[in-house]
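Asker: no sequence on hand, only this structure:
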């Protein structure tokens with residue numbers, strides 16, 4: 001089992017740019033890398049067409065696309081998944097859609113899995129699993145999928161795409177779809193503590209009987225406060241800046 005994950009655009013090519021300046025290439029990369037990490041935990045082989053914003057190919061669209069296909073084809077990947085965000089001149093355009101080259105066969109089946117998982121995770125408008133003659137769908141020799149997570153040109157969806165939680169949900173959804181395509185299951189994700197939209201690995205916590213117990217001092221300090229122990233009065237004084 002080997003999947004090639006392709007974070008669309010990169011380097012010289014920012015992809016679509018949202019109203020507030022969010023760049024598609026950055027969203028695509030983070031989602032693809034996270035999806036790959038989930039799949040590796042499930043013992044699925046993963047390769048990437050790029051793992052950073054430094055791309056090895058020239059600033060030429062055709063050579064760019066050809067290089068991505070060559071990476072997947074030379075590695076003998078069993079599935080190709082290209083991750084993108086949509087863009088449109090009309091800011092009202094919205095939703096999630098996923099493409100394959102044909103409307104039948106394993107590529108189409110994989111596209112339907114990706115679309116279904118993303119809809120469940122992102123709760124956006126269902127624009128469907130569709131067909132298209134995109135270069136990376138035509139020139140890869142394995143089943144291939146290109147997914148458009150959301151419209152970065154839509155102000156509301158751009159705001160969603162900027163959230164770390166949205167990107168994590170999208171990555172997990174893509175990984176679940178790929179795992180289902182290969183007939184394996186993703187391991188259960190360990191719970192994480194997120195404070196103000198950012199992971200807080202330095203704050204100890206545990207879940208007991210459905211309740212979250214957090215180590216007080218670490219939690220307060222992360223949100224910018226202080227904790228002091230008043231020995232005389234046996235009091236914990238918490239100050240939030």
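Answerer: Cool, the structure landed. In this text the structure is predicted, and so the values were computed from the model without any measurement. Residues are numbered from 1 along each chain as shown.
Asker: so residue 149, which of the three states?
Answerer: strand (DSSP: H, G, I helix; E, B strand; the rest coil).
Asker: that one: neighbouring residues, count only.
Answerer: Residues near residue 149, counting by other CB atoms under 10 Å, number 31. The C-beta positions use only the backbone N, C-alpha and C, and glycine is treated the same way.
Asker: thought residue 96 was touching it, still the case?
Answerer: Yes. Contact criterion CB atoms under 8 Å: residue 149 and residue 96 qualify, at 6.2 Å.
Asker: so what sits against both of those two?
Answerer: Common contacts of residue 149 and residue 96 (CB atoms under 8 Å, 6 or more residues apart in numbering): 118, 122.
Asker: who are the contact partners of the most centrally placed residue in the chain?
Answerer: Nearest to the geometric centre of the chain sits residue 31, at 2.3 Å (CA atoms, centre = their mean). Residue 31 makes contacts with 7, 83, 149, 167, 170-171, 174, as judged by CB under 8 Å, 6+ apart.
Asker: do that again at 10 Å, thanks
Answerer: 5, 7, 83-85, 147, 149, 161, 166-175 (CB atoms under 10 Å, 6 or more residues apart in numbering).
Asker: in a strand, it, correct?
Answerer: No. Under three-state DSSP, residue 31 falls outside any strand and is assigned helix.
Asker: ok, which stretches of the chain are helices?
Answerer: Along the chain, the segments classed as helices by DSSP state H run 24-41, 61-75, 106-122, 135-138, 155-161, 164-182, 216-222.
Asker: how close does residue 70 get to residue 239?
Answerer: To residue 239, residue 70 is 58 Å away according to CB to CB, to the nearest Å.
Asker: which one of these two has more residues nearby?
Answerer: residue 70 (14 against 10).
Asker: low-confidence stretches in this protein?
Answerer: Within the chain, the ranges that satisfy pLDDT under 70 run 190, 210.
Asker: contacts only, for the nearest residue to residue 182 once chain neighbours are set aside.
Answerer: Using CB to CB, 6 or more residues apart in numbering and skipping the chain neighbours, the partner closest in space to residue 182 is residue 1 (4.6 Å). Residue 1 sits next to 39, 42-46, 77-79, 178-179, 181-184 when contact means CB under 10 Å, 6+ apart.
Asker: how about a cut-off of 7 Å?
Answerer: By CB atoms under 7 Å, 6 or more residues apart in numbering, the contact list for residue 1 reads 44-45, 78, 182.
Asker: and those residues, which is closest to residue 231?
Answerer: Distance to residue 231, by CB to CB, is smallest for residue 44 among those, at 54.7 Å.
Asker: skip the chain neighbours and tell me the closest residue to the closest one.
Answerer: residue 1 (5.0 Å).
Asker: where's that neighbour relative to residue 60, distance?
Answerer: Distance from residue 1 to residue 60, by CB to CB: 32 Å.
Asker: follow-up on the earlier one: how near is the residue nearest to the centre of the chain to residue 24?
Answerer: Counting by CB to CB - residue 31 and residue 24 are separated by 11 Å.
Asker: check residue 49 too.
Answerer: 15 Å.
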